[in-house]
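Student: What follows is a predicted structure for the sequence shown.
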Amino acid sequence: MVARGYLPSVAAFSAVVGCLCKRGRVTRAMEVFDAMRAVGSEPTIRTYNSLIGGLCYVGRLEEARDLLNKLKDSPKQTTDIYTFTIVLEGFCKVGRTEDAMAIFEDAIRMGLSPTIFTYNALLNGHCKEGNLLKAYDLLMEMCDSETCPPDKISYTIVLPALLRAGEISAAWKTFKRMEHAGFEADGRALDTLARGLCRQCAADISVLKDAKEVFGKVVSAGHEPVSYTYCLMAQALARGGEVDAAVAILDDMVRKGYALRKRAYTDVVRALCDRSRTRDAVRVLATVIAKDFVPGRNAFDALLGELSRQERWPDAMAVYAAAVKRGVVVSLKRNVKEALVVDHEEEAAWESPAQLGVPQ
């Protein structure tokens with residue numbers, strides 16, 4: 001058209017530049033851009049955005065940044081936040097988040113208001129580089145902002161990244177913020193969060209309440225927890241003293257055909273024995289054996305110890321025989337001896353004048 005003396009409109013030039021950039025033909029798009037300026041057609045911000053997007057698409061980020069800087073200094077064009085977002089997203093995709101943050105700060109200094117796309121690009125960049133605490137801090141900053149609060153995508157970027165890194169406390173706070181904002185986490189993220197909270201119960205049993213809440217949401221959402229989550233939940237409940245709930249979890253696992261982890265049912269058996277509930281402990285072991293699982297030594301030892309303490313020798317012998325039959329090495333003699341020592345100490349303490357308040 002230009003060779004024949006026709007002058008295309010600015011919109012036509014911009015459309016051609018945009019089409020070429022989308023196909024990755026940035027060099028050809030640059031030629032069209034130069035021809036546009038040569039015939040006196042002034043590119044619009046849309047033309048520049050298409051060209052900058054094309055440069056980022058093919059990895060020519062420095063050229064894209066140079067073009068952005070020229071736009072910033074140009075008296076004829078006014079850059080918008082979309083232009084900055086294109087460039088900083090390009091830097092984030094190649095792991096250059098520090099450069100992206102510098103571009104972001106330039107946009108703020110120019111009085112531009114970041115959009116949710118700007119923030120999500122930065123969140124993605126931080127998470128991909130492993131800067132999870134920076135991503136978390138930025139997300140919390142967004143939560144406290146009235147101008148640009150996070151959307152579901154923002155939470156979906158940060159929450160799984162925190163869970164993969166084992167940052168369970170930060171993930172829990174992110175989940176609560178997400179819930180407060182009216183968004184739902186997907187079942188897989190909830191499952192992972194439940195496991196992380198259950199593990200934390202070993203150091204801080206107060207976390208059990210949070211673990212139960214998340215586990216309940218996983219089940220109510222129709223997402224079936226994996227067997228490992230069930231086992232960790234049973235362990236956490238046993239440690240927290242909610243033994244009946246732990247037994248119910250194990251029963252549910254057996255009913256669904258899940259494999260029982262040795263650590264899970266051992267903790268439940270110990271918790272039952274600590275409460276002198278040997279009948280329930282025997283039932284748990286019997287359930288495990290009925291599913292062709294071989295209980296570990298610790299489970300048998302806990303039950304033998306409690307049965308010996310209660311002087312239920314026939315039951316203790318039956319449990320001992322069950323262990324030997326399945327090749328589990330346990331020592332009935334040691335358990336009996338320990339039980340007798342404990343009984344002797346309790347008897348001595350009971351008869352002690354100090355315990356009775358009698359002066360010595």
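Tutor: Everything's here; your move.

Student: For C92, which residues are in contact?
Tutor: For C92, the contact set (C-beta atoms under 8 Å, 6 or more residues apart in numbering) comprises 100, 121-122, 124-125, 128. Yep, even glycine has a C-beta here, placed from its N, CA and C like the rest.

Student: One more pass at 6 Å, please.
Tutor: For C92, the contact set (C-beta atoms under 6 Å, 6 or more residues apart in numbering) comprises 100, 121, 124-125.

Student: Which residue, neighbours along the chain excluded, lies closest to the residue nearest to the spatial centre of the chain?
Tutor: When C-alpha atoms, centre = their mean is applied to the chain, the residue found nearest the centroid is L163 (2.2 Å). Leaving aside its sequence neighbours, L163 sits nearest to T192 (C-beta to C-beta, 6 or more residues apart in numbering; 4.5 Å).

Student: Let me know the helix or strand that the one you found is in.
Tutor: Using DSSP states H and E, T192 maps to helix 187-200.

Student: How far off centre is that helix?
Tutor: 7 Å (C-alpha atoms, centre = their mean, to the nearest Å).

Student: what does the helix or strand that it is followed by rub up against?
Tutor: For helix 187-200, the following helix or strand on the C-terminal side (DSSP H and E) is helix 208-220. Defining contact as C-beta under 6 Å, 6+ apart, one finds that helix 208-220 is touched by 190-191, 193-194, 197-198, 201, 225, 233, 236, 240.

Student: can we see that at 7 Å?
Tutor: Helix 208-220 has contacts (C-beta atoms under 7 Å, 6 or more residues apart in numbering) with 172, 187, 190-191, 193-194, 197-198, 201, 225, 233, 236, 240.

Student: Show me what counts as buried in that helix.
Tutor: Using 16 or more other C-beta atoms under 10 Å as the test for burial, helix 208-220 gives 208, 210-212, 214-215, 217-218.

Student: Next secondary structure after that helix?
Tutor: Moving toward the C-terminus from helix 208-220, the next helix or strand (DSSP H and E) is helix 227-239.

Student: Can I get whatever helix or strand comes next after that next one in PDB, CA atoms only?
Tutor: Counting by DSSP H and E, the next helix or strand C-terminal to helix 227-239 is helix 243-256. What follows is helix 243-256, C-alpha atoms only, in PDB (Å, rounded to 0.1, in the frame of the first residue of the first chain):
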ATOM      1  CA  VAL A 243      -8.600 -41.000  71.300                       C
ATOM      2  CA  ASP A 244     -12.200 -41.900  70.200                       C
ATOM      3  CA  ALA A 245     -11.900 -39.600  67.200                       C
ATOM      4  CA  ALA A 246      -8.500 -41.200  66.300                       C
ATOM      5  CA  VAL A 247     -10.000 -44.700  66.500                       C
ATOM      6  CA  ALA A 248     -12.900 -43.500  64.300                       C
ATOM      7  CA  ILE A 249     -10.400 -42.300  61.700                       C
ATOM      8  CA  LEU A 250      -8.600 -45.700  61.700                       C
ATOM      9  CA  ASP A 251     -12.000 -47.500  61.300                       C
ATOM     10  CA  ASP A 252     -12.900 -45.200  58.400                       C
ATOM     11  CA  MET A 253      -9.600 -46.000  56.800                       C
ATOM     12  CA  VAL A 254     -10.100 -49.700  57.100                       C
ATOM     13  CA  ARG A 255     -13.600 -49.400  55.700                       C
ATOM     14  CA  LYS A 256     -12.300 -47.600  52.700                       C
END
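
Student: Can you tell me how far D151 is from F175?
Tutor: 16 Å (C-beta to C-beta, to the nearest Å).

Student: With neighbour numbers in mind, choose between those two.
Tutor: F175 (24 against 15; other C-beta atoms under 10 Å).

Student: so which helix or strand takes in that one?
Tutor: Using DSSP H and E, F175 falls in helix 168-180.

Student: burial measure for A171, as a count.
Tutor: 26.

Student: residue contacts, it?
Tutor: 159, 162-163, 193, 196.

Student: And for V226, nearest residue in space, chain neighbours not counted?
Tutor: D191 (6.3 Å).

Student: likewise L272?
Tutor: A281 (4.0 Å).

Student: That neighbour: which element?
Tutor: helix 278-290.

Student: Which of the residues in that helix are classified as buried?
Tutor: Quick answer for helix 278-290 (16+ other C-beta under 10 Å): 278, 280-282, 284-285, 287-288.

Student: who touches A299 in this structure?
Tutor: 265-266, 269, 285.

Student: So it, which state does it fall into?
Tutor: Recorded secondary structure, A299: helix (DSSP: H, G, I helix; E, B strand; the rest coil).

Student: mind checking pLDDT for it?
Tutor: A299 carries a pLDDT value of 87.

Student: Give me the distance between it and Y155.
Tutor: Distance from A299 to Y155, by C-beta to C-beta: 41 Å.

Student: How about W172?
Tutor: 13 Å.
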